[in-house]
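Visitor: sequence plus the predicted model coming up.
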Amino acid sequence: MIVIDTNIILRYLLQDDTKMFEEVKDIIENQEILILGEVVAEVVYVLKGVYSIDKKEIVNSLQLLFEYPNITLLPKKYYIIDALRLYTIKNLDFVDALLCSMSQDYMIKTFDKKLQKCVVKK
């Protein structure tokens, strides 16, 4: 299994460098891949902050990517997909949306008022 970083996903989604895109396309589409939640958070941050891509477009692109059967997400895919949903409908950054999603199964402790409103109380 190959753990990929933010730049691999960005080159794949943006297709802004033909040579790099061809290399990462082969990896992402033909290898067993592990994507960490921290990497997803950085991808969201870069696409929104650097490339000014709309939240919904970011979410749609990532959801399509995460449907590939060869891609494993850590934490569980459910948390990441749910966090993407929360990211679009709540006034949260992606990391807080991920924590909010994970609060379904884990106790989350925070002083962040917006996050406190989102987490499931245990």
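Guide: Everything's here; your move. Remember, predicted model here, so these are calculated numbers, not experimental data.
Visitor: only C-alpha atoms for contact and neighbour calcs from this point on.
Guide: Fine.
Visitor: what's the nearest residue to the residue nearest to the spatial centre of the chain if we skip its chain neighbours?
Guide: Residue closest to the average C-alpha location in the chain (Cα atoms, centre = their mean): residue 40, at 3.1 Å. Nearest residue to residue 40 in three dimensions, chain neighbours excluded: residue 6, at 7.2 Å (Cα to Cα, 6 or more residues apart in numbering).
Visitor: the one you found: what's it in contact with?
Guide: By Cα atoms under 8 Å, 6 or more residues apart in numbering, the contact list for residue 6 reads 39-40, 42-43.
Visitor: about what we covered before: mind checking what helix or strand follows the strand or helix carrying the residue nearest to the centre of the chain in sequence?
Guide: Assessed by DSSP states H and E, residue 40 sits inside helix 37-49. Heading C-terminal from helix 37-49, the first helix or strand you meet, by DSSP H and E, is helix 55-66.
Visitor: tell me which residues in that following helix are buried?
Guide: 55, 58-59, 62, 65-66 (16 or more other Cα atoms under 10 Å).
Visitor: and if you look at stretch 37-52?
Guide: 37-47.
Visitor: still on that earlier bit, now do the residue nearest to the centre of the chain, the pLDDT please.
Guide: pLDDT recorded at residue 40 is 97.
Visitor: could you dump stretch 9-19 to PDB, C-alpha only?
Guide: C-alpha atoms of stretch 9-19 as PDB (Å, rounded to 0.1, in the frame of the first residue of the first chain):
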ATOM      1  CA  ILE A   9      -3.700  14.500  -4.800                       C
ATOM      2  CA  LEU A  10      -3.300  18.200  -5.900                       C
ATOM      3  CA  ARG A  11      -1.500  17.200  -9.100                       C
ATOM      4  CA  TYR A  12      -4.200  14.600  -9.800                       C
ATOM      5  CA  LEU A  13      -7.200  16.900  -9.200                       C
ATOM      6  CA  LEU A  14      -5.700  20.000 -10.800                       C
ATOM      7  CA  GLN A  15      -4.000  18.400 -13.700                       C
ATOM      8  CA  ASP A  16      -1.800  21.500 -13.900                       C
ATOM      9  CA  ASP A  17       1.400  19.600 -14.800                       C
ATOM     10  CA  THR A  18       1.100  17.100 -17.600                       C
ATOM     11  CA  LYS A  19       4.200  15.000 -16.700                       C
END
